[in-house]
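1. Below: sequence and its predicted model.
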Amino acid sequence: MDLVTLDDIRAAADRIASGIVRTPLLTCTWADPERPLWLKPETLQPIGAFKIRGALNALARLDEDARRRGVVAYSSGNHAQAVAYAAASEGITAHIVMPRSTPQIKIDNTRAHGAEVVVCGEGEREKVAYEIVAERGAVLVPPFDHPDIIAGQGTIGLEIAEDMPDVDVVLVPVSGGGLASGIASAVTALLPNAKVIGVEPELASDTKESLQAGSIVEWSIEKRNRTIADGLRSQPSELTFAHLRSRLHDLVTVTDDEIRSAMAVLARKGRLVAEPSGAVPTAAYLHHAAELPAGRTVAVVSGGNVDPALLSDVLTRSLDEED
């Protein structure tokens, strides 16, 4: 299986440069001085999450005929918003299929970008998306299972390597695997001594089990949906799993309570609003130091599209625990 190359990622960076924010590395003065921490705040992207990178790269690669036919995507939220935003910026019609369990803020934001949102039952989003593709002759833009998506997300790793060539550890969330595949591809190619560590919710740790088994282990939707991290409920594809097996150095898991704790720390000390999925790498840094390599660490804060009620609950609970 052909894996994404550094040249693919560099080409993607050139294509999407005008449409993204080149996010900085933020120093965390509150972190352990023996394990310096920097945050990569993808929350600052136009749609509040890293997914805009892959979506812009994928749409930039479409020919004129495909653009006329429009695009279809299925997603629990951030990929949906990314494709809707990218399609609107390119003048392309977009249909987005989202499960009913998606936080309402993500559905509303996707519609606000001009896409037609189709809400479906749990476990039906891919089937419904392919029905729309067949009916309209549109082009499917998958959330992670495509080289163009992986290369687009890999531009984050390219930026980390350029901004901190002496980084020791890069922490990245893992779900479908597109983000981790892209970042690991860039970082390992440019900085062979750096370690890229994936982080998964304990309640959706199918990738960890799969890596231990050496092949993809299927978890039911109901089992994966237990975690608060709604953006990390997918499973890797054969393509992303091949990247993760060859380029990810390790994978650790965090509990939902640890994710909530990290959200509170990011909000109160880092001044960053993170959704549960975006807080997972920071949760690993805060609660699993013994499982991580030592040294200068970058945690990718992958998204900030959190339901306001959930964020309020997390912050209130953190204050109560201090009293």
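-> Sure thing, it's come through.
2. Could you pull out the helices in the stretch 1-150 of the chain for me?
-> 6-16, 51-60, 64-69, 78-90, 104-112, 125-136, 147-163 (DSSP state H, counting those that start in this stretch).
3. Which of those sits closest to residue 311?
-> Of all those, helix 104-112 sits nearest to residue 311, with 10.3 Å by C-beta to C-beta. Quick note: C-beta positions are derived from backbone N, CA and C, even for glycine.
4. what about residue 100, how many neighbours?
-> Residue 100: 11 surrounding residues under other C-beta atoms under 10 Å.
5. Let me see the contact set for it.
-> Residue 100 sits next to 119, 120, 121, 122 when contact means C-beta atoms under 8 Å, 6 or more residues apart in numbering.
6. Check the closest residue to the third one other than its chain neighbours and give its pLDDT.
-> Which is residue 121. Spatial nearest neighbour of residue 121, excluding adjacent residues (C-beta to C-beta, 6 or more residues apart in numbering): residue 100 at 6.3 Å. Predicted confidence (pLDDT) for residue 100: 85.
7. Next one: residue 100 from residue 113, what distance?
-> Counting by C-beta to C-beta, to the nearest Å, the gap from residue 100 to residue 113 is 20 Å.
8. next one: residue 259
-> According to C-beta to C-beta, residue 259 and residue 113 sit 27 Å apart.
9. do residue 129 as well
-> With distances taken as C-beta to C-beta, residue 129 is found 17 Å from residue 113.
10. Next, format the helices of the stretch 1-150 of the chain as TSV and append mean neighbour count and mean pLDDT.
-> Formatted as TSV, the helices of the stretch 1-150 of the chain follow (neighbours: other C-beta atoms under 10 Å; pLDDT from 0 to 100):
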stretch	mean neighbour count	mean pLDDT
helix 6-16	19	98
helix 51-60	28	96
helix 64-69	12	93
helix 78-90	27	92
helix 104-112	18	85
helix 125-136	16	92
helix 147-163	26	98
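11. In a markdown table: the ones you listed, plus distance to residue 202.
-> Converted to a markdown table, those look like this (distance: least, C-beta to C-beta, whole Å):
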| stretch | distance to residue 202 |
| --- | --- |
| helix 6-16 | 30 |
| helix 51-60 | 24 |
| helix 64-69 | 40 |
| helix 78-90 | 21 |
| helix 104-112 | 23 |
| helix 125-136 | 24 |
| helix 147-163 | 24 |
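12. Any idea which of the ones you listed gets closest to residue 228?
-> Closest of those to residue 228 is helix 104-112, at 14.5 Å (criterion: C-beta to C-beta).
13. Between helix 78-90 and that closest one, find me the angle.
-> On the basis of axes from the mean of the first three to the mean of the last three C-alpha atoms, to 10 degrees, helix 104-112 is oriented at 20 degrees to helix 78-90.
14. Give the other helices and strands that helix 104-112 contacts.
-> helix 78-90, strand 94-99, strand 116-120 (3 or more C-beta pairs under 8 Å, 6 or more residues apart in numbering; DSSP states H and E).
15. Other residues contacting it?
-> By C-beta under 8 Å, 6+ apart, helix 104-112 touches 47-48, 76-78, 80-81, 84, 96, 98, 117, 119, 305-308.
16. send the alpha carbons of it over as CSV?
-> The C-alpha trace of helix 104-112 is given here as CSV (Å, rounded to 0.1, in the frame of the first residue of the first chain):
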residue,chain,number,x,y,z
GLN,A,104,-26.2,20.6,17.8
ILE,A,105,-23.6,23.4,17.6
LYS,A,106,-21.7,21.4,14.9
ILE,A,107,-24.9,20.8,12.9
ASP,A,108,-25.8,24.5,13.1
ASN,A,109,-22.3,25.5,12.1
THR,A,110,-22.3,23.2,9.1
ARG,A,111,-25.6,24.6,7.9
ALA,A,112,-24.3,28.1,8.4
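17. got the contact list for the closest residue to residue 149 other than its chain neighbours?
-> Leaving aside its sequence neighbours, residue 149 sits nearest to residue 54 (C-beta to C-beta, 6+ apart; 3.8 Å). The neighbours of residue 54, taking C-beta under 8 Å, 6+ apart as the test, are 79, 82, 144, 148, 149, 150, 151, 152, 153, 178, 182.
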